[in-house]
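>>> Give me the fold of what follows.
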Amino acid sequence: MKPLVLASWEDASGLHCVDILAHDDGSFGYTLCRRDPEDASGWRHLGYPGAARFDTRKAAEEAARAVAPWTQE
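Okay, the predicted model is just below:
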């Protein structure tokens, strides 16, 4: 089953985002995405969505902010 997107943080350029995920087993995660303006297919995941799992949403958000510092701007 696909994870539920709880939040999506987009950078100022509109080319990168981070999705905060809730998995059906009660764990949380995040996935980094990007899009290319010349490609109409939309967002592309960078790596496997939600590969890292966390016990809390807060832990997933903190980990996401560590790998995507622009989320703190």
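
>>> Quick check, Glu61 in contact with Ile20.
Yes: at 5.8 Å, Glu61 counts as touching Ile20 under the criterion of C-beta atoms under 8 Å. The C-beta positions use only the backbone N, C-alpha and C, and glycine is treated the same way.

>>> Counting by contacts, list what whatever helix or strand Glu62 lives in packs against.
For Glu62, the host element (DSSP states H and E) is helix 57-67. Using 3 or more C-beta pairs under 8 Å, 6 or more residues apart in numbering; DSSP states H and E, the elements in contact with helix 57-67 are strand 4-10, strand 16-22, strand 28-34.

>>> 7 Å - rerun?
Under the contact definition 3 or more C-beta pairs under 7 Å, 6 or more residues apart in numbering; DSSP states H and E, helix 57-67 sits against strand 16-22, strand 28-34.

>>> mind listing what's buried in it?
Neighbour counts over helix 57-67 (16 or more other C-beta atoms under 10 Å) mark 57, 60-61, 63-64 as buried.

>>> As JSON lines, those with pLDDT and distance to Trp70 would be great.
Converted to JSON lines, those look like this (pLDDT from 0 to 100; distance: C-beta to C-beta, whole Å):
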{"residue": "Arg57", "pLDDT": "97", "distance to Trp70": "20"}
{"residue": "Ala60", "pLDDT": "95", "distance to Trp70": "17"}
{"residue": "Glu61", "pLDDT": "94", "distance to Trp70": "14"}
{"residue": "Ala63", "pLDDT": "93", "distance to Trp70": "15"}
{"residue": "Ala64", "pLDDT": "92", "distance to Trp70": "11"}
